[in-house]
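[1] Can you look at this prediction? I've put the sequence above it.
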Amino acid sequence: MSRVGNNPVEVPGGVDVKVDGRTVTAKGKLGQLSYTSTDDVAIALDGGQVTVKPVDNSKQARAMWGTARARIQNLVIGVNEGFTKNLEITGVGYRAAVQGKTLNLQLGYSHDINYPIPEGLTVKCERPTAISIHGADKQLVGQMAAVVRAMRGPEPYKGKGIRYADEQIIRKEGKKK
């Protein structure tokens, strides 16, 4: 069993953390985020550290112990540095561009896909085949990356489609004569 809940969350300089009962609010240079935990854990702020403890020894409390600690860690990192997901586009004629608050994708369909960029996220396309999603909320960054990837997932024969920059696509051999 993981013991990630044992480690306190270090609060770096420039980040203001407030604990109000079950709600933790972090404010930093990239904005403000908050997390409300379940009744199974107790959260305390001691100086520059946030500690999380299970209320009892039940299976649910032990599970939420590590979850709450990880969510609080993501709040602190998010408002201080932010999170980034990088996507790569492979395929002839496949490209992306940011137009205002819309991500325009040309993925081999008969039409362009215009995806609205959610509030709190910034999307950049340095090259027409590279998409970089940046924001303070780790869940929101990952969700948008997953939705964009699902619009044309990578296929195993030629590798065409949208993939994460660090993702390895297992290629298949085509049929033989």
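    Happy to help now that I have it.

[2] ok, longest strand in the protein?
    Across the chain, the longest stretch assigned as strand under DSSP state E is strand 83-90.

[3] List the neighbouring strands of that one plus their orientation.
    Using DSSP bridges, the strands paired with strand 83-90 in its sheet are strand 130-135 (antiparallel), strand 161-164 (antiparallel).

[4] Give the buried residues for the first one.
    Applying a neighbour-count criterion of 16 or more other Cβ atoms under 10 Å, one finds 131-133, 135 buried in strand 130-135. In this view, the C-beta of every residue, glycine as well, is placed from N, C-alpha and C.

[5] returning to what we had before: so for Phe83, which of the strands paired with strand 83-90 sits nearest?
    strand 130-135 (6.4 Å; Cβ to Cβ).

[6] Tell me the first helix or strand C-terminal of the closest one.
    Downstream of strand 130-135, the first helix or strand assigned by DSSP states H and E is helix 138-150.

[7] CA atoms only for that next one, dumped as PDB, please.
    Backbone C-alpha positions of helix 138-150 (Å, rounded to 0.1, in the frame of the first residue of the first chain) are rendered in PDB as follows:
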ATOM      1  CA  LYS A 138      -4.100  19.500 -13.600                       C
ATOM      2  CA  GLN A 139      -7.400  17.900 -14.200                       C
ATOM      3  CA  LEU A 140      -8.500  20.500 -16.700                       C
ATOM      4  CA  VAL A 141      -5.200  20.300 -18.600                       C
ATOM      5  CA  GLY A 142      -5.400  16.500 -18.800                       C
ATOM      6  CA  GLN A 143      -9.100  16.500 -19.800                       C
ATOM      7  CA  MET A 144      -8.600  18.900 -22.700                       C
ATOM      8  CA  ALA A 145      -5.500  16.900 -23.900                       C
ATOM      9  CA  ALA A 146      -7.500  13.700 -23.800                       C
ATOM     10  CA  VAL A 147     -10.500  15.300 -25.700                       C
ATOM     11  CA  VAL A 148      -8.200  16.700 -28.400                       C
ATOM     12  CA  ARG A 149      -6.300  13.400 -28.700                       C
ATOM     13  CA  ALA A 150      -9.600  11.500 -29.000                       C
END
